[in-house]
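[1] Here is my input, please return the structure:
(one chain, ligands or ions: 2)
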Amino acid sequence: MKQTTDFLKMKERNEKIVMLTAYDYPSAKQAEQGGVDVILVGDSLGMVVLGYDSTIPVTLEDMIHHTKAVKRGAKDTFIVADMPFLTYHLSVKDTLQNAGRLIQETGAHAVKLEGADEVIEKITALTKAGIPVCAHLGLTPQSVGVLGGYKVQGKDALAAKKLLKDAKKCEEAGSFAVVLECVPKQLAEEVAKSVSIPVIGIGAGVAVDGQVLVYHDILGYGVERVPKFVKQYHSVNPFMIESIQAFTDDVRTGQFPEEKHTFTMKEQELKVLYG
Ligand code: KIV
Ligand code: NA
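    Ligands and ions are numbered 1, 2, ... in the order given. Okay, the predicted model is just below:
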């Protein structure tokens, strides 16, 4: 299993880091079998698994529940779990308690927090307490209300400058990596060059140290539309729906179950039973 220090070495050696989300036992097992370096139990689970229209309703209990299942499916992969909305903003003490539970109760290896500013002191405290932190900058979905939608961030020079500073601060606070979401490729490249910790991009172009995407997006599983930055490798949805339709038809027409799906009682037992 790769660890935080390995990710730093990978950046030095110019080896790309592969991160994929997973939310339960089968997806985690598949991610591990598929050979990803890091599994992210993203709070995107609120949208792709639980059907909310943002990540805001996701609770710490939700994250713990799903991260436990992921851990059972991927015992040999580095697991990062998202800290959900408002679980790392009230105080350093609350943040430590919440992150502590997320790590201790699930077996995840690290947590991810969105933003800089007031979050920086939390990153420092968590790292000092022995909890590895992945930062998350650019488009930070838990702030969708403030950002006014899911839009590309850091497009103008001023915002770009702030983002570069924030990335530096995250590094100084002790983050072992930073996820950079939805920013122009030129800015992403500059961020990756200006920090020594790996920058894992999502909608941030190719000139960063790794890439992360959402499990359901790359597989076309239960998602209707995917963002521009997603590469969809398959669309498993139709296969799944067809399978369910075939089962439905089979039951209704009596074509299922067949003999091979059926248990039988021995003749002599039947004689005893009916005489
Ligand atoms: O929740 C999530 O899946 C994420 C990734 C998209 C980076 O935070
Ligand atoms: Na997230």
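[2] Report the distance from stretch 174-188 to the chain centre.
    16 Å (CA atoms, centre = their mean, to the nearest Å).
[3] Need the pLDDT of Lys2.
    At Lys2, the predicted lDDT confidence score is 96.
[4] ok, it to Val36 distance?
    Lys2 sits 10 Å away from Val36, going by CB to CB, to the nearest Å. All C-beta atoms are positioned from the backbone trio N, CA, C, and that covers glycine.
[5] the more surrounded of these two?
    Neighbours were counted for Lys2 and for Val36 using other CB atoms under 10 Å; Val36 has more, 23 against 16.
[6] Flag the shaky bits of this structure, pLDDT-wise.
    Along the chain, the model assigns pLDDT under 70 to no residue.
[7] do that again at 90, thanks
    Within the chain, the ranges that satisfy pLDDT under 90 run 224-225, 275.
[8] And the helices in it, which stretches?
    Along the chain, the segments classed as helices by DSSP state H run 4-12, 25-33, 45-48, 60-73, 92-104, 120-128, 144-147, 157-173, 185-194, 215-219, 237-253, 267-274.
[9] contacting residues around the closest residue to ligand 1 within the stretch 51-200 of the chain?
    Per CB to the nearest ligand atom, Val179 is where the stretch 51-200 of the chain lies closest to ligand 1, at 4.7 Å. Val179 is in contact with Met19, Leu40, Lys112, Cys134, Ala135, His136, Leu137, Ile200, Gly201, Ile202, Val212, counting by CB atoms under 8 Å, 6 or more residues apart in numbering.
[10] The second one bridge partners, please.
    This points to Leu40. Bridge pairing for Leu40 (DSSP bridges) gives the partners Thr21, Val80.
[11] you'd agree Glu189 is up against Gly205?
    Yes. Glu189 lies in contact with Gly205 (CB atoms under 8 Å); the separation is 6.8 Å.
[12] that older thread, keep only those of the contacts of Val179 that are in strands.
    Among those, the residues falling in strands (DSSP state E) are Met19, Leu40, Lys112, Cys134, Ala135, His136, Leu137, Ile200, Gly201, Ile202, Val212.
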